[in-house]
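> Next one to model:
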Amino acid sequence: MSHSPAYRLAATVLHGFDEYRSRFKQITDDASRRFRDAAWREAQQASAERIDLYDEKVQDTLVRLKRTLDDEQLTNFECWREARGHYAALIDQRLDYELAETYFNSMFCSLFHHRHIRNDWMFVYSSRERAAHHSGLELCRVRRVGGEWAAGLRWALGEARFETPFVDLSRDVELGSEVLRRLLPAAILEDPEAEIELIKSVFYRNKGAYLVGRVLGGGEQVPLVLPVLHREGEGLHLDTLLIEPEEVSIIFSFTRAYFQVKVVVPSEFVHYLQELMPDKPQGELYAAIGFYKHGKTEFFRALNHQVARREDQFIIAPGVRGMVMAVFVLPSFRTVFKIIKDRFDPSKEMTAENVRDKYRLVKRHDRVGRMADTQEFSNFIARQDHFDPECLAHLLEVAPSTVTLRGDKVIIRHCYTERMMTPLNLYLETCDEAETRAVLKDYGNAIKQMAAANIFPGDMLLKNFGVTRHGRVIFYDYDEISYLTECHFRHIPEPLYPEQELADEPWYSVGPNDIFPEEFGPFLFADVRLRRLFYQLHPELFDADYWKGLQQAILDGRVIDVYPYRNKRRFAGDDGNGLVY
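A predicted model of the protein is given here:
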């Protein structure tokens, strides 16, 4: 029996999706072995491989489609309309149907270069208003505590079935139960029916394995995260215990690498996480567990919904305008949109492709909680009246090859999106003394933690960093980013005679990758008061030997992890194997 071209199209796309999911699961399932073996370099490589996998499989499937159908069939919209119906039927009973829909969309967009986006031919909106039915699969394991918090934590850690033993499990559960007794609401503590509930799957990232769930009782609930670390040559230990919603949200931040975690029913998994973190957009949670392409789909649907509400218009982003990127925002959507300008300021010696390479680097790299994740869009279309006139005029002026006006439609050929933050330079204008000290300390920590991950931000000006709603400082301007190991850090040589020091030009040679940390102060801070405070908080950042030491540690193969919680929360304190925020 021969099938129609549309059915063959749908079946070929689904076959490609199945190949992608199979390899995705293999990489993810092996995370427990990498954690057991303390194979940290391999874990970094696996993370990058899994990110690259999606586009690789889309291209493989596109090649297969071109072998299966002729050009006329492949570019016929009626064929795609029919194929969409076949595909929806083929995935109807699948537990990962929403991911399959996104893969179909990726195939359509790859073939038509992100044009002709219509729900007739792809899944602009999901084929299901909601999941057809609950899968019935148990996502969590549950234990009634009955006031025995140490016993509850012993169960929580023991039932995770790590292949490496704990160094001192009794000590860990005692420390953890002490935190619970101190921080849990009275309604939970006093309820004899109180329960610990944990997702069965372990969340692996870098050197950590995280048990995620909640504590319930007395009609209340609080999230619960148990970070377990593997100290090479010793064994496992519970590093801390987190129940504050803000701290848990930071674990799943858009500034961190994606978790490696076994997910059977993605929609139910994400729904559960959103119950723990109701302020997290659904797209961010899909991305956090590795499904970043579907996270992009959810983001796009949410954006379309928000734009349709017409609460506000796109406006130029507040702050200093960039030399490479034009940035605009939809204030009600907490997102910034970044477009590469046609011409850069003279001091920026780079091309648009150089900038794209930098953004690809950040996407694949461990962002260590200090670099914003981005989504990349092609042929983004909105109505002209959705833009503030001044904003649209600016975009048409600085990026005419990217932004065009066709009738009443604004067509943006390429842009990046990031979570909206308050630019650090603007944030400092409204700070009191205590807030200034805290944010400058975190600014320095951000620079240090990126450096520990082999990233040098290049342009460290305050305007290139933002402050999140949690008060964390995040880097978001990537056009001058580089690997730390590519930099040449130098001390400024002593002048041979006084006149050299007074000359307009430096008395020493400067190579293309040379960096003189002693010069950071005047470069970063025009305000002498802020400069002095920053030097007091982070004097090592002005010392070339500090940077050289980090470079050597990286070249020696040391993986310096950055833990997503405060040092004072750690049970063991800093063991020298990582940095905390």
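
> residues near residue 376, how many?
Using other Cβ atoms under 10 Å, residue 376 has 13 other residues around it. In short, each C-beta sits where N, CA and C put it, glycine included.

> which SS state does it fall under?
strand (DSSP: H, G, I helix; E, B strand; the rest coil).

> Report the beta-bridge partners for it.
Listed beta-bridge partners, residue 376: residue 416 (assigned using DSSP bridges).

> hang on, it packs against residue 355?
No. Contact criterion Cβ atoms under 8 Å: residue 376 and residue 355 do not qualify, at 11.7 Å.

> Would you mark the buried spots in the helix of greatest length in the chain?
Assignment by DSSP state H gives helix 40-68 as the longest helix of the chain. Of the residues in helix 40-68, 40, 43-44, 46-47, 50-51, 53-54, 57-58, 61-62, 65 count as buried by neighbour count, 16 or more other Cβ atoms under 10 Å.

> Would you map out the domains in the protein?
5-112, 140-305, 310-420, 424-580 (automatic domain parsing).

> Compare those domains and give me the one nearest residue 125.
domain 140-305 (6.9 Å; Cβ to Cβ).

> chain center to the closest one: distance?
Offset of domain 140-305 from its chain centre (Cα atoms, centre = their mean, to the nearest Å): 18 Å.

> do stretch 357-365 as well
Relative to its chain's centre, stretch 357-365 lies at 11 Å (Cα atoms, centre = their mean).

> Over to stretch 387-396?
That offset, for stretch 387-396, works out to 29 Å (Cα atoms, centre = their mean).

> can you list contacts of it?
If you take Cβ atoms under 8 Å, 6 or more residues apart in numbering as the criterion, stretch 387-396 is touched by 313-316, 326, 328, 339, 384, 403-405, 410, 412.

> Which two among those residues are spaced furthest apart?
Greatest spacing in those, by Cβ to Cβ: 315 and 404 (19.6 Å).

> pLDDT weak spots in the protein?
Applying pLDDT under 70 to the chain flags the ranges 1, 129-133, 495-505, 507-508, 573-581.

> on that earlier part again, got the contact list for the helix or strand just after the longest helix of the chain?
The first helix or strand that comes after helix 40-68 along the chain, using DSSP states H and E, is helix 71-74. By Cβ under 8 Å, 6+ apart, the list of residues contacting helix 71-74 from outside reads 5, 9, 65-66, 79, 111.

> can you check stretch 111-124 too?
Contact with stretch 111-124 is made by 62, 65, 74-75, 77, 80-81, 84, 101-102, 104-105, 108-109, 125, 301, 377-379, 381, as judged by Cβ under 8 Å, 6+ apart.

> Let me see the contact set for residue 318.
329, 423, 426.

> Can I get the buried ones among the residues you listed as something I can paste into ChimeraX?
The following ChimeraX line selects those of these that are buried, judged by 16+ other Cβ under 10 Å:
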select :329,423
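
> and which of the contacts of residue 318 is nearest residue 153?
Nearest to residue 153, judged by Cβ to Cβ, of the contacts of residue 318 is residue 423 at 41.8 Å.

> For the residue nearest to the closest one when sequence neighbours are not counted, give its distance to residue 551.
Excluding the flanking residues, the one nearest residue 423 by Cβ to Cβ, 6 or more residues apart in numbering is residue 319, at 3.9 Å. Distance, residue 319 to residue 551, using Cβ to Cβ, to the nearest Å: 32 Å.

> between those two, who's got more neighbours?
Of the pair residue 319 and residue 551, residue 551 is the one with more neighbours under other Cβ under 10 Å, namely 20 against 17.

> In this structure the more buried one contacts residue 483, no?
No. Assessed by Cβ under 8 Å, residue 551 is found out of contact with residue 483, at 9.6 Å.

> Would you mind putting the domains of the chain into CSV with distance to residue 119 alongside?
As requested, those are exported to CSV (distance: least, Cβ to Cβ, whole Å):
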stretch, distance to residue 119
domain 5-112, 9
domain 140-305, 11
domain 310-420, 14
domain 424-580, 33
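
> What count of nearby residues applies to residue 75?
Per other Cβ under 10 Å, the neighbour tally for residue 75 reads 12.

> does the residue nearest to it when sequence neighbours are not counted count as helix, strand or coil?
Distance criterion Cβ to Cβ, 6+ apart; nearest residue to residue 75, sequence neighbours excluded, is residue 111 at 7.4 Å. The three-state label given to residue 111 by three-state DSSP is helix.

> ditto for residue 404
At residue 404 the chain is in strand, as set by three-state DSSP.

> just checking, it touches residue 411?
Yes. Assessed by Cβ under 8 Å, residue 404 is found in contact with residue 411 at 5.0 Å.

> And the strands in the stretch 301-450 of the chain, which stretches?
In the stretch 301-450 of the chain, the segments counted as strands under DSSP state E, counting those that start in this stretch are 315-316, 325-330, 335-340, 375-383, 403-406, 409-419, 422-423.

> so which of those gets nearest residue 251?
Closest to residue 251 of those, according to Cβ to Cβ: strand 409-419, at 15.8 Å.

> Can you check what angle separates that closest one from strand 375-383?
140 degrees (axes from the mean of the first three to the mean of the last three Cα atoms, to 10 degrees).

> mind exporting stretch 412-426 as CSV, just the C-alpha atoms?
Coordinates of each C-alpha in stretch 412-426 appear next as CSV, following Å, rounded to 0.1, in the frame of the first residue of the first chain:
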residue,chain,number,x,y,z
ILE,A,412,12.3,41.6,11.9
ARG,A,413,14.6,39.2,10.0
HIS,A,414,16.7,38.2,13.1
CYS,A,415,16.7,39.0,16.8
TYR,A,416,17.6,37.6,20.2
THR,A,417,15.3,37.6,23.3
GLU,A,418,16.5,37.7,26.9
ARG,A,419,14.8,38.1,30.3
MET,A,420,14.4,41.7,31.2
MET,A,421,16.6,43.1,33.9
THR,A,422,17.4,46.5,35.4
PRO,A,423,20.7,47.8,33.9
LEU,A,424,23.3,47.9,36.7
ASN,A,425,24.2,51.5,36.0
LEU,A,426,20.6,52.6,36.4
